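In: What follows is a predicted protein model with its sequence.
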Amino acid sequence: MSTRNIGLVRAIILAGGFAQAVFWTLTLETLRNGLLPFDLVFFWLTIPAIALGLLGQSLPLAAGLALAGFIINIGLLAGLAVNL
């Protein structure tokens, strides 16, 4: 993988991770009724993805963590929307 591609992958991982961090912050402010699953996704998937992306190490793992966090967050939000 070329240096240019690695930089692009890092940028995508960081953008996805920071977008999930903003999502987590918004759920804390608006929907804080014991939403532990959102917290678990943030601490177990999003923060490690951001850390690995910043360090530039294990980028495939970081991309997988960021993608998994995104998919789980969408599923949790859809489940929450159905219950409203």
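Out: On my side now, so go ahead. Numbering: from 1, shown residues only.
In: Look up which helix or strand the spatially closest residue to Ser58 that is not a sequence neighbour falls in, please.
Out: Leaving aside its chain neighbours, Ser58 sits nearest to Leu52 (5.1 Å; criterion: C-beta to C-beta, 6 or more residues apart in numbering). For the C-beta atoms, the positions are set from N, CA and C on the backbone; glycine is no exception. In this assignment (DSSP states H and E), Leu52 forms part of helix 47-55.
In: Quick one: list the elements packing against that helix.
Out: Secondary-structure packing of helix 47-55 (3 or more C-beta pairs under 8 Å, 6 or more residues apart in numbering; DSSP states H and E): helix 3-30, helix 59-83.
In: export the ones you listed to JSON lines and tack on distance to Leu40?
Out: Shown next, in JSON lines, are the helices and strands packed on helix 47-55 (distance: least, C-beta to C-beta, whole Å):
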{"stretch": "helix 3-30", "distance to Leu40": "11"}
{"stretch": "helix 59-83", "distance to Leu40": "9"}
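In: Leu45: which of the ones you listed is closest?
Out: helix 59-83 (3.6 Å; C-beta to C-beta).
In: Next, report how far stretch 75-84 is displaced from the centre of its chain.
Out: Relative to the chain's own centre, stretch 75-84 is displaced by 18 Å; criterion: C-alpha atoms, centre = their mean, to the nearest Å.
In: May I have the lowest-mean-pLDDT helix or strand in the chain exported as PDB, CA atoms only?
Out: In the chain, no helix or strand scores lower on mean pLDDT, DSSP states H and E than helix 36-41, which sits at a mean of 76. Extracted C-alpha coordinates of helix 36-41, given in PDB (Å, rounded to 0.1, in the frame of the first residue of the first chain):
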ATOM      1  CA  LEU A  36     -25.300   1.800  28.000                       C
ATOM      2  CA  PRO A  37     -25.000   0.100  24.600                       C
ATOM      3  CA  PHE A  38     -24.000   3.500  23.000                       C
ATOM      4  CA  ASP A  39     -21.300   3.800  25.700                       C
ATOM      5  CA  LEU A  40     -20.000   0.300  25.100                       C
ATOM      6  CA  VAL A  41     -19.700   1.000  21.400                       C
END
